[in-house]
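**Q** quick one, structure for this:
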Amino acid sequence: MKKFLIALLFAPLTAFAAGAALHLDKWPGAVSDKAALQNGAKLFVNYCMNCHGASFMRYKNLLDLGLSEQQVKENLMFTSDKIGDLMRVAARPDEQKQWFGAAPPDLTVIARARGSADGSGADWLYTYLRSFYRDEARPTGWNNVIFANVGMPHALYGLQGYQTLNHDTHKLELVKPGQMAPAEFDKTVSDLVGFLVWMGEPQQEFRETLGYFVLAFLALLFVVAYALKKEYWKDIH
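**A** Modelled structure (predicted):
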């Protein structure tokens, strides 16, 4: 029992040490880029929503990206008839568990959930989605450099192409190009990650802007309060 408690105590340190060696590429996008977020929403609906839902997000929230209601209905709504509906997949969790062994996670807050001391959730997702490689030993035929023995297949392989892992250099090598050149694919993944980041906190831009106004107000209030203090105490000293 004593050994178990000691192991439990040091388990977080072990996990931190293991994660410290993980290299994450910096996500080059920004949630202020509305055009990129719109493209990311399209990619999410076409490539991710076959298995993953965003059940804390409604289709009408996509209007905040600068899209019209008609654009959302015609281009982004395939499993729902009402724009106020949640962005859920058609398959039930019990069905997905039976098919895949485990239900694919909801992606509404995946960017926030993947954040850590080693890098932001955006960096993790940006690296992860570009790090799949062929591995015939895996049931899906795919593996991932930063998520070993991942159960998810490479949903974007048609765009990226096929990569293999050079076990001598531990680097990925593109052996069969996809529909996109590497730089174009990186931009596509960046747009998708941007949408995932935005979904995790749709009001992030407003929160940051409001924060600047609050700081400016506090700075002005400090000046007024200091002047009032000097005026109040001038005859006492």
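
**Q** spit out the contact partners of the residue nearest to Phe56 when sequence neighbours are not counted.
**A** Distances taken as Cβ to Cβ, 6 or more residues apart in numbering place Thr108 nearest to Phe56, at 4.0 Å, with adjacent residues excluded. The C-beta positions use only the backbone N, C-alpha and C, and glycine is treated the same way. Residues near Thr108 by Cβ atoms under 8 Å, 6 or more residues apart in numbering: 53-57, 199-200.

**Q** just the buried ones from those residues, in PyMOL syntax?
**A** Only the buried entries of those go into this PyMOL selection, using 16 or more other Cβ atoms under 10 Å:
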select buried, resi 53+54+57+199+200
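
**Q** show me how far the longest helix anywhere in the chain is from its chain's centre.
**A** For the chain, the helix with the greatest residue count under DSSP state H is helix 204-233. Relative to the mean C-alpha coordinate of its chain, helix 204-233 is positioned 34 Å out (Cα atoms, centre = their mean, to the nearest Å).

**Q** stretch 121-132 now?
**A** Here stretch 121-132 is found 8 Å from its chain centre; the criterion is Cα atoms, centre = their mean.

**Q** just the CA trace of that stretch, in CSV.
**A** Only the C-alpha atoms of stretch 121-132 are listed here, as CSV (Å, rounded to 0.1, in the frame of the first residue of the first chain):
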residue,chain,number,x,y,z
GLY,A,121,-4.0,23.0,-27.6
ALA,A,122,-3.7,24.6,-31.0
ASP,A,123,-0.1,23.6,-31.3
TRP,A,124,-0.9,20.1,-30.3
LEU,A,125,-3.7,19.8,-32.8
TYR,A,126,-1.7,21.4,-35.6
THR,A,127,1.1,19.0,-35.1
TYR,A,128,-1.1,15.9,-34.6
LEU,A,129,-3.1,16.4,-37.8
ARG,A,130,0.1,16.6,-39.9
SER,A,131,1.9,13.7,-38.2
PHE,A,132,0.0,10.6,-39.4
